[in-house]
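Q: just to be clear, the model below is a prediction. Sequence and coordinates:
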Amino acid sequence: MSGRFNLALRLLLAFALGAFCVLGFAPNGVSPAPTGALLGLFLLWQSAPSARVACLLGLAWGLGCFGVGVSWVYVSLAQFSGLAPALSIAATFLFCFYLALYPALTGALFARWRSAKLTSTWYEILLFAGLWTLSEWLRGNLFTGFPWLSIGYSQSPPSPLAGYAAVLGVYGVGFVVALLGGLLAIGWRSIRHLALVLVILAFGFTLTKVDWTTPTGKPLAVNLLQGNVPQDTKWNPQQVAFSVDRYVSLTTQLTEHRAPKLTVLPETALPLFLSQIPRDVLATLTSRGDVLVGVPVATSNGGYANAAIAISPALSMQAYAKRHLVPFGEYAPPGFDWFFKFLRIPMSGFTPGQDSPPTMSIADQRISPNICYEDLFGEELLYALPQATLLLNLSNTAWFGDSLAQPQHLQISQMRAMETGRVMLRATNTGMTAMILPSGMVAAQLPPFTSGVLRVEAQGYMGLTPYARWGNALALLLAALAITPSLTAYRRSRKRQPSR
């Protein structure tokens, strides 16, 4: 009985540590919290009597982290898809349970590969950091990927670990956080461990002072529009005129500032196909310069794409179609067509765009757009470099209401700016509309859930960061090297065991 009670307490502690980890992400931004959460998980896994127990502890940690951190999934299901509250809760739990399987697998492998009793404490720390990094990378790629709440996102400025982003990317920053967690867990045993912690922090801070890219061309005057159109009325045919009028009004409002070179409307800002937008509306939108608008467009195969269209005053156009679609939101995976019968999600059968679309040329800059969910996948944005001088994200996270989704998404965009050494512009329906500098600092931002225009001067940049050159290869190489000593020792121990 005492053994079961002890396990229950450990599971409860693991769950609490996972929930505590969420404090490291926006809007709280307590960047040391994930290090502390992984420190506790490392100690729990070290003392786990078996791989099974370590697996359960990892599962509990994941349920705490994702149950709190991505609870906003419930909002979209219950409020906007028409799913009953009970079913929405069940679907959200199953989704969080799936995400928690990754730390569960990590715990099982950690306990199994350290069971050889031949690994040193250093090996265990490296094994912990390496496995954690590989599991996060796997979560970001398997079944189209969902890297939301990858630990590295928590280390946005002013965290000294933000400096590693331009070199190692989000997964590499997560490796460093996990490494620090392991070092601090046993730091009291040796001054060398604490000294290494200080070196890692100092080196990260030094990297934040490195300018990997250089300015190019004249700054681009940009107006970023935030319409704050309610999601539950946006696709109502009787409310189309409201959405169009809102963005036309924001585009043409008088200002003492000089006319923008570019005005940006968010994802699916106009609930019409491009071909349905009246010509006089397009002329009004472009009356002060180029406009880039999120709008669905018909495709040659009879489908439709989630697109960003740049339109000049002469009504010439440059197009980008969203490439990485949201499963169960923008398309149904094979065999799941029945899923949409239970939901009422408008425009949910999109066709993906081409793999490597050209950048858009506007004034002195070349812009690479991405749409909403796409900026979760840092390596997928690198195709446009070094040609692209500015990055631009169009989003509509009104699907998730007033939840953690908006500030967390802004933090994800901060990572993309640091990884690429580019300014990231964001135009959103409800928030967070902002300009982010290559350092990851938010230079300007509109209050969420308001209607307004953010006027910025966006400087383009040229050159490549180490991450832009090699993508996730450096982080994955570090992770592979880190697990090699323990894995080698484990294999040797298996060979020494007498055959039965």
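A: Good, I have the coordinates. Bear in mind that the values here come from a model prediction, so they are computed numbers and not experimental data. Numbering: from 1, shown residues only.
Q: just give me the longest helix of the chain.
A: Counting residues, the longest helix found in the chain (DSSP state H) is helix 85-113.
Q: average model confidence for that one?
A: On average, the pLDDT along helix 85-113 is 95.
Q: buried residues, that helix. List them.
A: Residues 88, 91-92, 95-96, 99-100, 102-113 are the ones in helix 85-113 that count as buried (16 or more other Cβ atoms under 10 Å). Where you see a C-beta, it was placed from the backbone N, CA and C, and this is true even at glycine.
Q: and the gap between Cys312 and Leu9?
A: You called it Cys, but residue 312 is Ser. Distance, Ser312 to Leu9, by Cβ to Cβ, to the nearest Å: 65 Å.
Q: what about the strands in the stretch 251-400 of the chain?
A: Remark: strands assigned in the stretch 251-400 of the chain by DSSP state E, counting those that start in this stretch are 262-264, 290-298, 304-311, 317-321, 360-362, 365-371, 390-395.
Q: can you redo these as a markdown table with distance to Thr213, mean pLDDT and mean neighbour count?
A: Putting these into a markdown table (distance: least, Cβ to Cβ, whole Å; pLDDT from 0 to 100; neighbours: other Cβ atoms under 10 Å) gives the following:
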| stretch | distance to Thr213 | mean pLDDT | mean neighbour count |
| --- | --- | --- | --- |
| strand 262-264 | 21 | 95 | 27 |
| strand 290-298 | 23 | 92 | 23 |
| strand 304-311 | 23 | 92 | 24 |
| strand 317-321 | 22 | 93 | 20 |
| strand 360-362 | 19 | 94 | 19 |
| strand 365-371 | 13 | 96 | 25 |
| strand 390-395 | 11 | 97 | 28 |
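Q: need these in a markdown table (columns: distance to Ala458).
A: Listed next are the strands of the stretch 251-400 of the chain as a markdown table, based on distance: least, Cβ to Cβ, whole Å:
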| stretch | distance to Ala458 |
| --- | --- |
| strand 262-264 | 8 |
| strand 290-298 | 12 |
| strand 304-311 | 15 |
| strand 317-321 | 17 |
| strand 360-362 | 10 |
| strand 365-371 | 7 |
| strand 390-395 | 6 |
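Q: nearest to Gly227, out of those?
A: With Cβ to Cβ as the criterion, Gly227 lies closest to strand 290-298 of the strands of the stretch 251-400 of the chain, at 10.6 Å.
Q: coming back round to it: which one's more surrounded, Ser312 and Leu9?
A: Ser312 (13 against 10; other Cβ atoms under 10 Å).
Q: my read: the more buried one touches Arg288, true?
A: No. The criterion here is Cβ atoms under 8 Å, and Ser312 misses it with Arg288 at 11.8 Å.
Q: tell me the contacts of the most centrally placed residue in the chain?
A: The chain has Leu376 as the residue nearest its centroid, 3.3 Å off, counting by Cα atoms, centre = their mean. Counting by Cβ atoms under 8 Å, 6 or more residues apart in numbering, Leu376 touches Gly140, Gly145, Phe146, Pro147, Trp148, Ile412.
Q: and the two most separated of the residues you listed?
A: Longest span within the contacts of Leu376, Cβ to Cβ: Gly145 and Ile412, 13.0 Å.
Q: neighbour-wise, which of those two wins?
A: Neighbours were tallied for Gly145 and for Ile412 using other Cβ under 10 Å; the higher tally belongs to Ile412 (25 against 16).
Q: hang on, the more buried one in a strand?
A: No. The assignment for Ile412, made by DSSP: H, G, I helix; E, B strand; the rest coil, is helix rather than a strand.
Q: could you check how far it is from Ala84?
A: Distance of Ile412 to Ala84, given as Cβ to Cβ: 30 Å.
Q: ok, now Val297?
A: Using Cβ to Cβ, we find Val297 at a distance of 34 Å from Ala84.
Q: how about Leu315?
A: Going from Leu315 to Ala84 by Cβ to Cβ gives 46 Å.
Q: what's near enough to touch Arg288?
A: Contact partners of Arg288, counting by Cβ under 8 Å, 6+ apart, are Thr251, Thr252, Ala259, Pro260, Thr263.
Q: wait, which of the residues you listed is closest to Arg496?
A: Proximity of the contacts of Arg288 to Arg496 (Cβ to Cβ) peaks at Thr263, which lies at 69.4 Å.
Q: isn't the closest one right up against Leu220?
A: No. Using Cβ under 8 Å, Thr263 makes no contact with Leu220, being 11.3 Å away.
Q: related to what we said a few turns ago, which strands or helices does the longest helix of the chain pack on?
A: With contacts taken as 3 or more Cβ pairs under 8 Å, 6 or more residues apart in numbering; DSSP states H and E, helix 85-113 sits against helix 32-46, helix 51-69, helix 73-75, helix 121-139, helix 473-496.
Q: just for the stretch 251-400 of the chain, where's the confidence low?
A: Scanning the stretch 251-400 of the chain for pLDDT under 70 picks out the ranges 254-258, 330-348.
Q: what secondary structure does Ala221 sit in?
A: Put simply, Ala221 is strand when judged by three-state DSSP.
Q: just how off-centre is stretch 452-469 within its chain?
A: Distance of stretch 452-469 from the chain centroid (Cα atoms, centre = their mean, to the nearest Å) equals 18 Å.
Q: show me which residues of it are buried.
A: Buried positions in stretch 452-469, judged by neighbour count with 16+ other Cβ under 10 Å: 453-468.
Q: and Asn301, what does it touch?
A: Contacts for Asn301 were tallied using Cβ under 8 Å, 6+ apart; they are Thr351.
Q: how close does it get to Pro352?
A: Asn301 is 12 Å from Pro352, where distance means Cβ to Cβ.
Q: kindly report the same for Val177.
A: Distance, Val177 to Pro352, by Cβ to Cβ: 33 Å.
Q: neighbour count winner among those two?
A: Set side by side, Val177 and Pro352 show more neighbours around Val177, with 29 against 16, by other Cβ under 10 Å.
Q: my read is the more buried one is in a strand, agree?
A: No. Secondary structure of Val177 (three-state DSSP): helix, not part of a strand.
Q: from what I see, it and Pro34 are in contact.
A: Yes. Between Val177 and Pro34 there is a contact under Cβ under 8 Å: 5.5 Å.
Q: if anything else comes up later, I'll come back, but that's it for now.
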